[in-house]
Structures are given as C-alpha cells and as structure tokens.
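**Student:** Build me a structure from this.
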Amino acid sequence: MKGKKIAVVGGGKMGEVIAAGILKAGLAQPGSVTVTDIVPDRLSYLKAKYAVATSGDNRKAARDADIVVLAVKPQGMGDVLKDLAPVIDRRKLVISIAAGIPIRFIAEHLKKGVPVVRVMPNTPALVGEGAAALAAGEAASGADLAAAREIFDALGLTVVVKEELMDAVTGLSGSGPAYGFIIIDALSDGGVLMGLPRDVATKLAAQTLLGAARLYLDSLKHPGELRDMVTSPGGTTIAGIQALEKHGLRSSLIHAVEAATLRSKELGKGK
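**Tutor:** Presented below is the predicted three-dimensional model:
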C-alpha cells in the first residue's frame, strides 16, 4: 500500500468509512486519497473533515489512482464502469463493495486482465467492528488480494472466500447486524418485562452481545464450550436456554440466513 494513490468512487456512508479507515490505519496520507460524489455538499463535507482530495469526475480520479474502490449502488454500477473503462488497465486494482454484482460483470466492462477483488462488508464497519469477506477475480494476484484485505482489516475483521459463497456471506454477516438489533431489542423487552428501565435494559443487552462476541473472538473456543462456562446445572441460564430452544431461536436464525442468502441469489440473477 505504501505510496499508492487511492480513489474511492462514491462518497456515501460506506465510501466515507473506507476512506476514513485508510487514513486512520495510516495506509495512505490524505493527499493520496480522492473521494468522488455527485453531490457538491457531500464533497465539501468530506474534504473539510478528512482533508482528502474530492472530485465530481470519476474518470479523472480513477485515471490518477493505483487502487479504485467502487462504493456505488449496485444499480448504478454499469454506468460507472462504462465511464471508467477507458482509464482502467491491468496496472490498477479495482475493489468493488456493490452487493450482488459478480466479478464477471465488472471484468466484462473493463479491459482484459484488470485485477478485481469483490468485497462484502457490513454496517458495523461504521464503528470499526465490521466483518468483510473478500473474493479475488482470476486476474487478481496474491498481492492484490493482500492490498484489498489490508484496507478492510482497518474496518474490522476480514475473511477470504470463493466468490460463489458471497451470497451466503450476504445472508450471514451482510444482513446479520439486523438480526443482532432484533435480538438486542427483544432482550431489552425481556428486561423491561422483569422491571428494568428501558435504557438500562437496552444497554445491558447490547453490551452483553458485544462482550460475548469479543470473548469468542479472543479465545476462539467453540461457542458451545463458552456457553457451558455460563451454564450451571439447574441454574438460571439453562432455564433461559430451555425457553430459547422451546420457542425456536436457533432454528429461526438458521432460516433467516437461508432466506437472506436465497434472496441475494435472486437479486444477482441476470448480472
């Protein structure tokens, strides 16, 4: 990454988060990062907050960059690629975070041999706790994949998967924050039912899930083993677990991932 110029095409929330993560991790200096957008006020905000270069000209920003991050909406990807195609060659790395847009679609719109890495991030990247899966195109080298991973490591945790698994990633970690928010809200409701003030119940619920996730990631013990550490024979936790199993929490979450994955596959058809 050292000395590389980076263009982030699309200055929305995720584009901003990516640019901010690059700067915070020291992967590039503000003068080496250009963020583009079609809204002048958005560009003014980004320039003032991060001191990055900004532009309304996607083609110029991409032409001057070594790494081009496509942070545009999936429905606009075709038009953006047509605009960028004349200035992107195999010396540049293209990284796409557009959900449902396969590497093949991007490669077909660009010159032959352009390295492409597809990434599926999620919204907790906004607070540096993202989960992102990366898949490399045929023209992407190990160094290309490493460069892309370095960027998203700055926003949380990364894994590398085969592209055919990206729909499953979307169903699990892409949509997963919403499942987590529902669980937090439901736990909070339970606390309120048992007499806790709403604000106290919600904070305890959120911190409990955060702490459980951190305990797993730091220990890498099987979740079942960590569950057993909390579950005393005949105690309160096993009573709660029995209620969860009776009402199908585990099954509901499995089916949620399945449904979201299948929907992702549907949305990607024809691309």
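
**Student:** Pull the contacting residues for residue 230.
**Tutor:** residue 237 (C-beta atoms under 8 Å, 6 or more residues apart in numbering). The way it works is simple: take the backbone N, C-alpha and C, and place the C-beta from them, glycine included.

**Student:** which residue packs closest to residue 173, ignoring adjacent ones?
**Tutor:** residue 131 (4.2 Å; C-beta to C-beta, 6 or more residues apart in numbering).

**Student:** Can I get stretch 97-104 in PDB? Just the C-alpha atoms.
**Tutor:** Extracted C-alpha coordinates of stretch 97-104, given in PDB (Å, rounded to 0.1, in the frame of the first residue of the first chain):
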ATOM      1  CA  ILE A  97     -18.300  -3.400  -2.500                       C
ATOM      2  CA  ALA A  98     -21.500  -3.500  -4.500                       C
ATOM      3  CA  ALA A  99     -23.800  -6.200  -3.300                       C
ATOM      4  CA  GLY A 100     -24.900  -8.700  -5.800                       C
ATOM      5  CA  ILE A 101     -22.500  -7.600  -8.600                       C
ATOM      6  CA  PRO A 102     -20.300 -10.500  -9.600                       C
ATOM      7  CA  ILE A 103     -16.700 -10.100 -10.600                       C
ATOM      8  CA  ARG A 104     -17.500 -11.300 -14.000                       C
END
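
**Student:** which ones are touching the residue nearest to residue 202 when sequence neighbours are not counted?
**Tutor:** Leaving aside its sequence neighbours, residue 202 sits nearest to residue 188 (C-beta to C-beta, 6+ apart; 4.2 Å). Taking C-beta under 8 Å, 6+ apart, we find residue 188 in contact with 198, 201-202, 204-205.

**Student:** Over to residue 21?
**Tutor:** Applying C-beta under 8 Å, 6+ apart, the residues contacting residue 21 are 125, 128, 151-152, 154-155.

**Student:** Between those, which sits nearest residue 226?
**Tutor:** Each of those was scored against residue 226 by C-beta to C-beta, and residue 128 proved nearest at 23.4 Å.

**Student:** List the contacts of the closest one.
**Tutor:** 21, 155-156.

**Student:** Geometrically speaking, which residue is the centre of the protein?
**Tutor:** residue 121 (1.2 Å; C-alpha atoms, centre = their mean).

**Student:** My guess is that residue contacts residue 96. True?
**Tutor:** No - counting by C-beta atoms under 8 Å, no contact exists between residue 121 and residue 96, whose distance comes to 10.9 Å.

**Student:** gap between the two ends of stretch 45-64?
**Tutor:** Using C-alpha to C-alpha, to the nearest Å, the span of stretch 45-64 from its first residue to its last is 22 Å.

**Student:** Give me the contacts around that stretch.
**Tutor:** 5, 7, 9, 11, 16, 19-20, 23, 30-31, 33-38, 40, 43-44, 68, 80, 83-84, 86-88, 92.

**Student:** that older thread, pLDDT value on the residue nearest to residue 173, please?
**Tutor:** Note on residue 131: pLDDT of 97.

**Student:** So what touches stretch 1-15?
**Tutor:** By C-beta under 8 Å, 6+ apart, the list of residues contacting stretch 1-15 reads 18-19, 22, 27-28, 32-37, 39, 42-43, 46, 54, 58, 61-62, 64-73, 80, 84, 97, 121, 125-126, 147, 150-151.

**Student:** Can you flag the buried ones in those residues?
**Tutor:** 18-19, 22, 27-28, 32-37, 42-43, 46, 54, 58, 61-62, 65-72, 80, 84, 97, 121, 125-126, 147, 151 (16 or more other C-beta atoms under 10 Å).
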